[in-house]
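> kindly generate the corresponding structure for this input.
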Amino acid sequence: MAQTIAFPLQTVAGPKQARSERTLQRLLDAAQVLIEEKGHAAVSIPEIARRARSSVGGFYARFRDKNELLRALEERHFIEVWQRLEALADARRWENVSTAQVVEAAVAELVSVTRERRRLIAAFLVSAIQDPAIREGGLRFRRRVEERIRGLLLPRRGEMDHPDPALAVDLAVLRTHEPSRPDREDRGRRPPAVRRRAPAGAHDDVSPLRRHRTAGIEPDEGTQTQEVAMEYAQRNPLPVPPGGAYEPIKATIDSVFDWQYALRKRNLLNLYEKGKTLAWNANDLDWSTDVDIERLVRQRVANGLAPMINSMLSPPVHLGDDEVIRMQLHLNAFMLSQFLHGEQGALLATAKIVQGVPVGEAKFYAANQVADEARHVEVYHR
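Next comes the predicted model:
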């Protein structure tokens, strides 16, 4: 593991004593090592405390939970990577060196960082789904990296064959930020039948956002394993309207073919490429988590929700605790229902956009949006 940096970190209150700072560093170091060994989900707080020669109480004296720990790890990771990047981007280092050599060195440095810490980066990506602080921190840092690499390479744009050098740099940075797969270097050399079935454990270090899980189906002897994109049981069936399960709606829209395939609009192609690269998979969320809405509402009522509701809404007759609970459950169901049906409407609308827009790159981008709306419907349905 790379040498760790000293404080202060913005995400953690700076220790007042040197001994406390050393304990904090040990906790961060231990967490990073364990995440790289086992993956974030398999690491427990007691395990981190033991590896750091500290205690669970010592952990909670510095972090509220694993997510706050992960924020500190992300900040420290970014500072360490930035130090390496600053050394890389020193223009004096590249005097009398060809652009091709500079590009190779930049890509090698960014890829090596990602490979060295692929499970740590995967943990950041997974947590970014629910933690805006981690998500925004990652986006800000990637923009800083893009600007720094642009500053290194774009003065040499005259030596680049790409029609849009800035776009090429941004996409290269985007791809090097993906957690790497150990079998990626072997692509193209393995026969297709072998390529479809990755070796056992080959996906263990890949961010759950970047892969489909197998559904645990054992293949018959002599047959190839097929990856399953999604499999789940709907535990809360929706009521069907009186008109039936399906409702056709007449719509008139021309279907437009693009026979040129010119693909000139770089901004749309850029969005299309980013959509492919950053696509998320709802099946990788932990759907086993028990979410008891009624229990949550009852806790809020016990903490004084009913008087607040009565004060805000001023109903003719004040609502009792049970009535507030029932109202909140109905409001929650109504909200989710509106989101679900609205996302299906967006799914149909974006499919119509693919059908009607004239140029191919617009169809590509709109097709990404269709897939995104399908994921939204899936999540709200679940």
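
> low pLDDT regions in this structure?
Along the chain, the model assigns pLDDT under 70 to residues 1-18, 176-237.

> tell me the domain ranges of it?
18-176, 266-381 (automatic domain parsing).

> mind putting these in JSON lines, mean neighbour count and distance to residue 252 included?
In short, each C-beta sits where N, CA and C put it, glycine included. As requested, the domains of the chain are exported to JSON lines (neighbours: other CB atoms under 10 Å; distance: least, CB to CB, whole Å):
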{"stretch": "domain 18-176", "mean neighbour count": "16", "distance to residue 252": "37"}
{"stretch": "domain 266-381", "mean neighbour count": "15", "distance to residue 252": "10"}
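
> and those domains as TSV, adding distance to residue 238?
Shown next, in TSV, are those (distance: least, CB to CB, whole Å):
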stretch	distance to residue 238
domain 18-176	25
domain 266-381	8
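
> out of those, flag the one nearest residue 259.
Nearest to residue 259 among the domains of the chain is domain 266-381 (9.4 Å), distances taken as CB to CB.

> now do that closest one: distance to the chain's middle.
17 Å (CA atoms, centre = their mean, to the nearest Å).

> repeat for stretch 73-87
For stretch 73-87 - counting by CA atoms, centre = their mean - the centre lies 20 Å from the chain centre.

> numbering from 552 from now on, please.
Sure thing, new numbering starts at 552, so read that last one as stretch 624-638.

> pull it out as CSV, backbone CA atoms only.
Written as CSV, here are the backbone C-alpha positions of stretch 624-638 (Å, rounded to 0.1, in the frame of the first residue of the first chain):
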residue,chain,number,x,y,z
LEU,A,624,-10.7,7.0,3.0
GLU,A,625,-12.0,8.6,-0.2
GLU,A,626,-10.5,12.0,0.7
ARG,A,627,-7.2,10.4,1.6
HIS,A,628,-7.1,8.4,-1.6
PHE,A,629,-7.7,11.5,-3.7
ILE,A,630,-4.9,13.4,-1.9
GLU,A,631,-2.5,10.6,-2.5
VAL,A,632,-3.5,10.2,-6.1
TRP,A,633,-3.2,13.9,-6.7
GLN,A,634,0.3,13.9,-5.3
ARG,A,635,1.3,11.3,-7.9
LEU,A,636,-0.6,13.2,-10.6
GLU,A,637,1.3,16.4,-9.8
ALA,A,638,4.6,14.6,-10.2
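
> for residue 796, find the nearest of the domains of the chain.
domain 817-932 (12.8 Å).

> name the residues that touch stretch 679-693?
Counting by CB atoms under 8 Å, 6 or more residues apart in numbering, stretch 679-693 makes contact with 562, 618, 621-622, 625-626, 629, 632-633, 675-676, 678, 724-725, 728, 760, 831, 836, all of which sit outside it.

> how about the helices in the chain?
Applying DSSP state H to the chain gives helices spanning 569-589, 596-602, 607-611, 617-639, 650-667, 669-678, 683-704, 716-727, 743-747, 817-828, 844-853, 856-864, 872-907, 911-932.

> which residue is nearest the centroid of the chain?
Closest residue to the average C-alpha location of the chain: residue 676 at 4.2 Å, with CA atoms, centre = their mean.

> roughly how far apart are that residue and residue 610?
For residue 676, the distance to residue 610 equals 23 Å [CB to CB, to the nearest Å].

> repeat that for residue 587.
Counting by CB to CB, the gap from residue 587 to residue 610 is 19 Å.

> cool, and residue 866?
Separation of residue 866 from residue 610 (CB to CB) stands at 46 Å.

> try residue 717
44 Å.

> can I assume residue 701 is in contact with residue 719?
No: counting by CB atoms under 8 Å, residue 701 stays clear of residue 719, with 10.2 Å between them.
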